[in-house]
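Student: predicted model, plus sequence, below.
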Amino acid sequence: MGRPTMGAIIVAMGLVVSPALSQPASRVSPSDPAIVACETLAREQAGRPKSFARVRADLNGRVAIVDYRAPGRRGRPELRQIQCAFRLDAKAAQWRFDPTKPSEVTQCEAMVDAATRVARRLRPQLRRCQNLLNADARRESSRKLAVKELVGRGQYPIPRTQTGLSSAP
């Protein structure tokens, strides 16, 4: 196993001292420890850390937000964002990484989970409906072929006088 990366050390320690986490965003320094820690995590997650470039960094309450450019799947630079939440450890008077996610992400994950459960529950019904629609399409197709055959033999359309069908609905 190699030497641990800075990001791994920060995550393992879970420790950041940042007085700016409680300050308004306008007074945030780009070298704020919370931003540097969050950027380090982003750099570690990027495929090629050497091609990492910070675009913007900010603090919003107890969340550090870093926008950065990093190569995507095809090697082209993509704009990405990482949000690192922190919580104040009152005993140590230090900010630590908070494993909870921003509420918007949590809501999205909950919606995806719910949709997956619904899809799983509806899968048999959807399969039955798909089979029914396929069978109906086959019947309709064969009906059209039969009508074409009747037309070709001069048996369709049927003159009104030759049938007992009622014109009333």
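Tutor: Okay, I see it. All figures in this text were calculated on a predicted structure; none of them were measured in a lab.

Student: report how many residues lie close to the spatially closest residue to residue 59 that is not a sequence neighbour.
Tutor: By the measure of C-beta to C-beta, 6 or more residues apart in numbering, the closest residue to residue 59 outside its immediate chain neighbours is residue 28, 4.9 Å from it. (Each C-beta comes from the backbone N, C-alpha and C, glycine too.) For residue 28, the count of nearby residues is 19 (other C-beta atoms under 10 Å).

Student: same thing with residue 77?
Tutor: Residue 77 sits with 13 neighbouring residues when counted by other C-beta under 10 Å.

Student: just residue 112 next, same as before
Tutor: Close neighbours of residue 112, defined as other C-beta under 10 Å, add up to 10.

Student: tell me which element it falls in.
Tutor: helix 103-152 (DSSP states H and E).

Student: correct me if wrong: the residue nearest to residue 59 contacts residue 56.
Tutor: No: taking contacts as C-beta atoms under 8 Å, residue 28 lies outside contact range of residue 56: 10.8 Å.

Student: then the lengthiest strand in the chain to CSV, C-alphas only?
Tutor: For the chain, the longest strand by residue count, based on DSSP state E, is strand 77-89. Extracted in CSV, the C-alpha atoms of strand 77-89 (Å, rounded to 0.1, in the frame of the first residue of the first chain):
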residue,chain,number,x,y,z
PRO,A,77,-12.7,19.3,-19.0
GLU,A,78,-16.1,19.4,-17.2
LEU,A,79,-17.4,21.8,-14.7
ARG,A,80,-18.2,20.0,-11.5
GLN,A,81,-19.2,20.9,-7.9
ILE,A,82,-18.5,19.3,-4.5
GLN,A,83,-20.3,20.2,-1.3
CYS,A,84,-18.7,19.3,2.0
ALA,A,85,-20.8,19.7,5.1
PHE,A,86,-19.2,20.3,8.5
ARG,A,87,-20.4,20.0,12.1
LEU,A,88,-18.9,21.7,15.1
ASP,A,89,-17.4,19.4,17.7
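
Student: give the partner strands of it in its sheet and their orientations.
Tutor: Next to strand 77-89 in the sheet, as set by DSSP bridges, lie strand 63-71 (antiparallel), strand 94-97 (antiparallel).

Student: in the last one, what's buried?
Tutor: Buried residues in strand 94-97, defined by neighbour count with 16 or more other C-beta atoms under 10 Å: 95, 97.
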